[in-house]
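Q: here is the input, now give the coordinates:
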Amino acid sequence: MPQWLEVALRTLIAVIVLFVLTKVLGKRQVSQLSLFEYITGITIGSLAAYVSLDVEANWYLGIVSLTVWVVVSLGIEFLQLKSKAVRNFADGKATVLIKDGKILEDNLKKERLTTDELLQQLRKRNVFKTADVEFAIMEPSGEINLLLTKENQPLTPKHLGIKVAPEQEPQAVIMDGQIMDEPLATIGLNREWLTVELKKLGVALENVFLGQVDSYGQLYVDLFDDQIKVPQPQQKAALLANLKKCEADLEMFGLATDDDKVKTMYENCSQMLMGVIKEIRPLLIR
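A: Numbers count the residues shown, from 1 in each chain. Alright, predicted model coming up:
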């Protein structure tokens, strides 16, 4: 067998084996690497290169070594699931770097982290003063997470006492001009509904690159032609406007009549409709 063909076959085998073993190790191996996982990843990559290129040695020995590394890594991960002591030994512990706006210099030295590196990590999170940080911690993965002081935290509807409606995951119902039936069925809709909504927007199905339906049943589309502007759905805004108009009409009718009984009825209806608008407003202004 020509040497180039042998190297090609070895590389193909290494790629397949490496892919299978990585799938066995799971997503954590490619997302959050502990110290041992980092070493394992480097070693597995080196062994895969050995299997591909070292034509002087038996290729199957590299596969055996790869398998042993994966089995050991799986064993350690299993022990980590069962024991915190093993987790602390293999992954290490989190280290507090800032507390109550004060930098803990001893912990910085322990992690071999300079002040410049700490400030750089803070700037990545749009924090430019350490005094604004209530608590900052370095995770075992090396990532730095922080909690801002109360006065520096972003303002949310909860801080203002405003109730907002829950938001569910939007469903992609059109991709590359093709209707996705499963997401449509998930939200209880069908192709006929989608066709009607596309007609309202004035676009053809084959011109839609991506179409998504939010949790309130509104369709948003992105077209292949970026020069074409598609109007945003206005159903919720129109409904809110109609409700407010009805409320205003009831108040006007109450003011226009001289019959006290009818006036009271209109006022009561207006108050009830005002309460309905207040309850559903968070749903309609999103």
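
Q: just the residues contacting stretch 257-269, thanks.
A: 250-251, 253-255 (C-beta atoms under 8 Å, 6 or more residues apart in numbering). Every residue, glycine included, has its C-beta placed from N, CA and C.

Q: list the contacts for the nearest residue to L66 once chain neighbours are set aside?
A: Distances taken as C-beta to C-beta, 6 or more residues apart in numbering place L47 nearest to L66, at 5.1 Å, with adjacent residues excluded. When contacts are counted by C-beta under 8 Å, 6+ apart, L47 touches 62, 65-66, 69.

Q: apply 7 Å and report the result again.
A: By C-beta atoms under 7 Å, 6 or more residues apart in numbering, L47 lies in contact with 62, 65-66.

Q: thinking again about what came up before, only whichever of the contacts of stretch 257-269 are buried, select them in PyMOL.
A: Restricted to buried positions by 16 or more other C-beta atoms under 10 Å, the PyMOL selection for the contacts of stretch 257-269 reads:
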select buried, resi 250+251+253+254
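
Q: would you turn the contacts of stretch 257-269 into CSV with pLDDT, distance to D100 and secondary structure?
A: As requested, the contacts of stretch 257-269 are exported to CSV (pLDDT from 0 to 100; distance: C-beta to C-beta, whole Å; DSSP: H, G, I helix; E, B strand; the rest coil):
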residue, pLDDT, distance to D100, secondary structure
L250, 84, 55, helix
E251, 84, 54, helix
F253, 84, 61, helix
G254, 83, 58, helix
L255, 82, 59, helix
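
Q: where does pLDDT dip in the stretch 51-200 of the chain?
A: Counting by pLDDT under 70, the stretch 51-200 of the chain contains low-confidence ranges at 51-59, 90, 164-166.

Q: so where do the strands sit in it?
A: With DSSP state E, counting those that start in this stretch applied, the stretch 51-200 of the chain shows strands at 95-99, 102-103, 133-138, 144-148, 171-175, 178-179, listed in chain order.

Q: okay, now E167: neighbour count?
A: Using other C-beta atoms under 10 Å, the number of residues around E167 comes to 10.
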